[in-house]
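[1] sequence and predicted model, in that order:
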Amino acid sequence: MADSGSDFFNEVGGGLKYPRAADQELSCAIIYPRIELEAMERERLISHTISLQHAYAQLESDNSYQAWEAREFKNNLNHLSVIARLATHLNAASIETISEIVLNELPGIFNCSQAAMFLYDADTETLGLHAATESCQLRTPLNRQVNGDHLLFKLFLDRFDPYVAEYLPETGSIAIDGKLENPIPVSSEWLDLFAGWSIIFPLLMKQQDEHEPSPLLLGGIVIGDPKGGIDLNNVDFASIFGNLITSSLYNVLLIKQLREMAIIDPLTKLFNRRHLIDLLNSAITQARRHRHDLSIAMLDIDHFKQCNDVYGHVCGDDVLRQVGERIKLSIRNEVDIPARYGGEEFVIIMPYTNVSRAMIVAERIRGEIGNTSMICGNLAIPITCSMGVAEYDDGESIEQFIDRSDMALYKAKYMGRNRVVSASNTRLNIHQELIAE
């Protein structure tokens, strides 16, 4: 609106502008001296009235724009505050902390009611549902894995930046960014996740290595609302949150990989010898403290040198991998601890297990390895193993404990291989030259 020095106010004569007070509604007025008002022609009065209306409309428009700017500034400030807070929490975060942020923070930011986080396993080349709100688990349980031809791979590998998907109930598919030409079908298992509107967060890390130009897939996040209440105005901020989570997750996985390299045998994916000693020391301490049984079994592949000589070292490596897999299939998950002791030798730590029970487990392992040939390409390679079992004797050292199981193993070799022998039935003075390969 023009000020009191403008042509409009000069023309009116006694015009005055009343600005809005801080706590009042927007208002303005022009005051005419009565003598001027009586002398003013009707057309001129109407003209002044229209001018006043236009001026007020302009003032109201300017004020609305300022109010919108103020709202946007406040909204942006709130988002930046949230970003700063989450950045602090994501710094050196664990996967569990990242999951909690995804489930508890992201839905509120974008006015969603549900969220799900998937992690990529490079070894199996699958995506697994790692964390999800309860509403997303109605049809799809946690740890559900999908392979490379699933729609999730397309959604997470399609682009780097977050984007919007809309569920189309008439076709049972989702449209990306409002494009209806090529909808992506959704199976009933995933309807709880993609119903309504969703924001897809690909967790992709750009590779710096020129020899690895393709992006590194870490996983992906889907947040949404079946009732369509998602705030699409905030999608621009999704890229910032996506980048923060991707960077944090990459650092966590990198640290995890470095730690695993220090304790995992790269060929069999079992614990290596150094970490086995640490774990066995810990198991002995627990067994002493709580007075429970503890046994170990040492396994050696029979005639493994001949296997390498006849079939080659590539097949030999395949045999070692498959032996490790069959050991894991034969023991208690998350209780018994398998490890590669060195070469073709393996050790299994069995907490809460006496020697009789350990013999049963060892026989199961021996049968699992010997009853079915190992597969190397088109070859079926028959493999057997010998095992020695020992129960911990209170007061003995870790070296003595391992040595007793080792001597039992040599006894099994001496007796003809492909058998299990208990250390309690082994004479420790057997000469190794009698039982050498």
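    Everything's here; your move.
[2] element containing Ser164, please.
    No, residue 164 isn't Ser; it's Val. Element membership for Val164, per DSSP states H and E: strand 163-168.
[3] so in that sheet, which strands flank the next helix or strand after that strand, and in what orientation?
    Heading C-terminal from strand 163-168, the first helix or strand you meet, by DSSP H and E, is strand 173-176. Sheet pairing of strand 173-176 (DSSP bridges) gives strand 163-168 (antiparallel), strand 179-185 (antiparallel).
[4] residue contacts, Asp317?
    By C-beta atoms under 8 Å, 6 or more residues apart in numbering, the contact list for Asp317 reads Leu267. Backbone N, C-alpha and C define where each C-beta goes, glycine included.
[5] buried stuff in the strand holding Val164?
    For strand 163-168, the neighbour count (16 or more other C-beta atoms under 10 Å) marks 163-167 as buried.
[6] which residues are contacting that strand?
    Residues outside strand 163-168 that contact it (C-beta under 8 Å, 6+ apart): 155, 173-178, 180, 183, 186, 191, 194-200, 224, 232, 235.
[7] now with 6 Å, please.
    174-177, 183, 194-200 (C-beta atoms under 6 Å, 6 or more residues apart in numbering).
[8] are any of those residues buried, and which?
    By 16+ other C-beta under 10 Å, those give 174-176, 183, 194-200 as buried.
[9] so which of those residues comes closest to Leu244?
    Checking those against Leu244 by C-beta to C-beta gives Ile199 as the nearest, at 14.8 Å.
[10] just checking, which helix or strand succeeds the helix or strand where the closest one lies along the chain?
    For Ile199, the host element (DSSP H and E) is strand 197-205. Remark: after strand 197-205, the chain's next helix or strand is strand 216-225, criterion DSSP H and E.
[11] partners of that following strand in the sheet?
    Strand 216-225 pairs in its sheet with strand 114-121 (antiparallel), strand 197-205 (antiparallel), by DSSP bridges.
[12] please compute how far the longest one lies from its chain's middle.
    The reference is to strand 197-205. Its chain's average C-alpha position is 12 Å from that of strand 197-205, according to C-alpha atoms, centre = their mean, to the nearest Å.
[13] now stretch 190-204
    Relative to the centre of its chain, stretch 190-204 is centred 15 Å away, using C-alpha atoms, centre = their mean.
[14] ends of it, how far apart?
    Stretch 190-204 has an end-to-end distance of 22 Å (C-alpha to C-alpha, to the nearest Å).
[15] check stretch 119-126 too.
    Its first and final residues considered, stretch 119-126 spans 8 Å by C-alpha to C-alpha.
[16] put the alpha carbons of the helix or strand hosting Ile284 into CSV.
    Per DSSP H and E, Ile284 falls inside helix 273-290. Taking C-alpha atoms only, helix 273-290 is exported to CSV below (Å, rounded to 0.1, in the frame of the first residue of the first chain):
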residue,chain,number,x,y,z
ARG,A,273,42.0,-69.8,15.9
ARG,A,274,43.0,-66.6,17.8
HIS,A,275,39.4,-65.7,18.6
LEU,A,276,38.7,-69.4,19.5
ILE,A,277,41.2,-69.2,22.3
ASP,A,278,39.6,-66.0,23.6
LEU,A,279,36.1,-67.6,23.5
LEU,A,280,37.3,-70.8,25.1
ASN,A,281,39.0,-68.8,27.9
SER,A,282,35.7,-67.1,28.5
ALA,A,283,33.8,-70.3,28.4
ILE,A,284,36.1,-71.9,31.0
THR,A,285,35.7,-68.9,33.3
GLN,A,286,31.9,-69.2,33.1
ALA,A,287,32.0,-73.0,33.7
ARG,A,288,34.2,-72.5,36.8
ARG,A,289,32.1,-69.7,38.1
HIS,A,290,28.7,-71.3,37.6
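[17] can you name the next helix or strand after it?
    Using DSSP H and E, the helix or strand that follows helix 273-290 in sequence is strand 294-301.
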